[in-house]
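Undergrad: Sequence below, structure please.
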Amino acid sequence: MNTGARLVRFSAVSALGVGVQLATIWFLTAVTHVHYLLAAMAAVGLTVVHNFAWHWRWTWRDRTESGGIASSFVRFALANGALSLAGNLAIVAVLVQGMHAAPVAANAVAIGACGLVNYWIGNTLVFRREASNMSSRLGRSRWFEFLGHGGAMRDGV
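TA: This is a model prediction of the structure:
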């Protein structure tokens, strides 16, 4: 998939994630009166799981063979999740405490600030391409055939 198409998919998933995060922040702060920083942590956690599921199945589905879903989720949670959580908490704290912004508005700013970095992390670290063309499924099977480990080429057919 080309970079432009992948970026459009990333943006669509991100837009859905923004909805999940802001709705969660609103509900937790306005309806249940949870402290805004605890609400931000819960909202980011929920959004990380939401976004990973969509990115795994849609944005980077051509790269889902790289290590499996569990290792990809761990990389996503440690990289994208950590950046989102740290960036979100820092920006939200500054905007809410320092500038008296509303928690939902502060979260919207934080999401935008972390978005491009999250795309880069997803594209290069989480859903990374395999090391070389010979490592890809097609390349690996042809390479094995070339070495004599696969049926037709080994038998000279």
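Undergrad: Would you mind listing the residues in contact with the residue lying closest to N80 once chain neighbours are set aside?
TA: The shortest distance from N80 to any residue other than its chain neighbours is 5.0 Å, reached at N118 (CB to CB, 6 or more residues apart in numbering). All C-beta spots, glycine's among them, are computed from the backbone N, C-alpha and C. Contacts for N118 (CB atoms under 8 Å, 6 or more residues apart in numbering) come out as S14, N80, L83, S84.
Undergrad: from those residues, which single one is nearest F73?
TA: N80 (10.3 Å; CB to CB).
Undergrad: got the contact list for stretch 51-71?
TA: Against stretch 51-71 from outside (CB under 8 Å, 6+ apart): 1, 6, 9-10, 13-14, 16-17, 72-73, 75-77, 80, 122-123, 126-130, 137.
Undergrad: circling back to that earlier point, just send the contacts of N118 back as TSV, with distance to L22, pLDDT and neighbour count too.
TA: Below are the contacts of N118 laid out as TSV (distance: CB to CB, whole Å; pLDDT from 0 to 100; neighbours: other CB atoms under 10 Å):
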residue	distance to L22	pLDDT	neighbour count
S14	12	92	23
N80	18	90	23
L83	18	91	15
S84	13	88	27
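Undergrad: In helices, which of the residues you listed appear?
TA: S14, L83, S84 (DSSP state H).
Undergrad: Distance of the second one relative to R9?
TA: I take that to be L83. As judged by CB to CB, to the nearest Å, L83 and R9 stand 20 Å apart.
Undergrad: What of G67?
TA: 20 Å.
Undergrad: can you pull out the helices in the protein?
TA: In the chain, the helices defined using DSSP H lie at 3-26, 36-54, 68-76, 82-93, 99, 103-121, 137-146, 151-154.
Undergrad: Flag the shaky bits of the chain, pLDDT-wise.
TA: The chain contains residues with pLDDT under 70 at 65-66, 130-157.
Undergrad: okay, now the domains of it?
TA: What automatic domain parsing lists as the domains of the chain is 3-126, 132-157.
Undergrad: hang on, the earlier thing: could you export the helices of the chain as TSV, including distance to W60?
TA: As requested, these are arranged in TSV below (distance: least, CB to CB, whole Å):
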stretch	distance to W60
helix 3-26	7
helix 36-54	10
helix 68-76	8
helix 82-93	17
helix 99	36
helix 103-121	11
helix 137-146	16
helix 151-154	32
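Undergrad: okay, the ones you listed, which one's buried deepest?
TA: With neighbours taken as mean count of other CB atoms under 10 Å, the helices of the chain reach their highest mean count in helix 36-54, at a mean of 20.
Undergrad: Thank you, goodbye.
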